[in-house]
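>>> sharing a model prediction with you, sequence too.
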Amino acid sequence: MTPIARDAAVITFWGASFLVIYAYLIYPLLLWLVASWRPVRRPPAMVDSDLPSVSVLVAAHNEEAVIRARLENMLALDYPASKLELVVASDGSRDRTNDIVREFAPRVGLIAFENNGGKAAALDASIPRLKGEVVVLSDANTMMRTDAVRRLAEWFSDREIGVVCGKLVLTDAETGANVDGLYWRYETFLKRCEAKLGGLLGANGAIYAIRKKLFPGIEPGTIVDDFVIPLVARIRSGCRIVYDEQAIAYEETPAEVGMEFRRRTRIGAGDFQSLGFVWPLLNPAKGWVCFTFVSHKLLRWLCPFLLLAIAAANVVLVDRGFYGLCLLLQCGLYGVALLGRFIAMQNGVGKIVRLATMFAAMNAALLVGFFKWATERQQGAWERTAR
């Protein structure tokens with residue numbers, strides 16, 4: 001091997017390693033240090049007469065197993081009935097979803113689409129038909145606290161705010177207990193800090209609100225609509241996106257690891273697709289949102305390729321003692337991650353194993369998602385997964 005090739009491998013190894021460590025460890029630390037100086041804002045409480053009119057829109061596809069409970073949850077919301085519109089957008093459902101929704105008429109409206117065109121297409125066609133000044137978007141398998149919509153709506157007394165993201169709590173399908181894992185708590189921490197800096201990225205499709213007049217429209221086939229809609233609204237209008245941890249919704253975790261991997265693969269494909277919509281955020285003039293977008297999102301999306309580059313450079317340099325140890329360490333970590341896929345342990349060691357498994361699976365899903373996006377094999381139309 002020539003000295004130039006060896007030097008290139010060394011630079012690749014250390015450069016890629018730094019970027020991975022930065023994305024997952026250094027960036028959160030920097031974010032925390034800066035955000036810790038910023039106060040947590042709360043909107044003023046509003047009397048009923050001052051609250052904006054709100055439309056709650058739930059997108060659904062073959063949701064007969066959960067839709068009745070979801071509608072009962074919507075009807076229990078603590079919000080003035082005269083200012084609240086409840087609507088289900090049924091995207092080509094072939095089960096009893098539409099029939100169940102019709103049982104709740106006229107309290108709940110139904111927009112039924114004949115074909116399964118995908119969630120983005122359903123939202124794009126439905127939102128312009130809603131009556132509310134503010135649209136709250138949610139999913140059929142999500143359950144909101146009774147005060148969640150009111151907490152979201154109160155933020156819109158500030159005209160600069162265009163989007164409000166609520167907090168999603170993950171629960172166990174069997175017990176209903178909170179099962180927010182380390183990774184979910186980590187992501188919630190980042191969301192909280194980014195919101196303090198005015199650099200919040202997107203929302204959570206289970207619970208967020210947007211001013212109807214700021215809804216930018218969305219291309220059919222868009223996969224991560226809850227990421228694209230808020231950020232395109234921000235790019236076009238300059239509005240602020242805020243996060244309210246007291247506007248809470250609950251959602252059950254997938255029952256099988258395989259379903260979670262498919263979900264992450266789909267999201268991964270959507271992440272790469274979204275670059276075509278949100279690339280203006282790469283402009284440093286965007287301030288904190290550019291910093292958070294590059295650090296939290298873009299580097300994460302590149303992480304599978306960085307890990308492959310680290311492994312390839314490590315193989316090239318394996319004859320040098322230190323790099324040989326690094327290669328053994330990599331193999332060991334990936335072996336532990338594979339072990340965690342098949343063996344469940346509840347002690348401290350088990351938590352480390354699960355963390356390694358989650359990291360490897362997440363990046364593998366991103367890699368698969370990239371190739372699905374690149375080959376146009378990931379479509380926007382959805383198929384319901386068991387919950």
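Arrived safely, thanks for sending.
>>> quick one: buried residues of stretch 86-99?
L86, V87, V88, A89, S90, D91, G92, S93, R96, T97, N98 (16 or more other Cβ atoms under 10 Å). (Glycine included, C-beta is placed from N, CA and C.)
>>> low-confidence regions, the stretch 151-300 of the chain specifically.
Residue ranges of the stretch 151-300 of the chain with pLDDT under 70: 172-181, 254-258.
>>> hey, where'd the helices end up in it?
182-197, 225-237, 257-278, 288-292, 299-316 (DSSP state H, counting those that start in this stretch).
>>> wait, which of those helices is closest to R341?
helix 257-278 (7.0 Å; Cβ to Cβ).
>>> what residues of that closest one count as buried?
Buried residues in helix 257-278, defined by neighbour count with 16+ other Cβ under 10 Å: 260-262, 264-274, 277-278.
>>> tell me the buried residues in the strand ranked longest in the chain?
For the chain, the longest strand by residue count, based on DSSP state E, is strand 240-252. Residues of strand 240-252 classed as buried under the neighbour-count rule (16+ other Cβ under 10 Å) are R240, I241, V242, Y243, D244, A247, I248, A249, Y250, E251, E252.
>>> now the first one: how far from R159?
Applying Cβ to Cβ, to the nearest Å, one obtains 10 Å for the distance of R240 from R159.
>>> could you do the last one as well?
For E252, the distance to R159 under the criterion Cβ to Cβ works out to 37 Å.
>>> for the helix or strand encompassing W373, packing partners?
According to DSSP states H and E, W373 maps onto helix 348-374. Here helix 348-374 touches helix 182-197, helix 257-278, helix 299-316, helix 321-342, going by 3 or more Cβ pairs under 8 Å, 6 or more residues apart in numbering; DSSP states H and E.
>>> what angle sits between the third one and helix 321-342?
In this case it means helix 299-316. 130 degrees (axes from the mean of the first three to the mean of the last three Cα atoms, to 10 degrees).
>>> thinking again about what came up before, out of the buried residues of stretch 86-99, which is nearest to A120?
Closest approach to A120 among these (Cβ to Cβ): D91, at 9.7 Å.
>>> mind listing what the closest one touches?
Taking Cβ atoms under 8 Å, 6 or more residues apart in numbering, we find D91 in contact with A59, A60, H61, F113, N116, G117, G118, K119, A121, A122, W382.
>>> could you redo the last one with a cut-off of 7 Å?
If you count contacts by Cβ atoms under 7 Å, 6 or more residues apart in numbering, D91 has them with A59, A60, H61, F113, N116, G117, G118, K119, A122.
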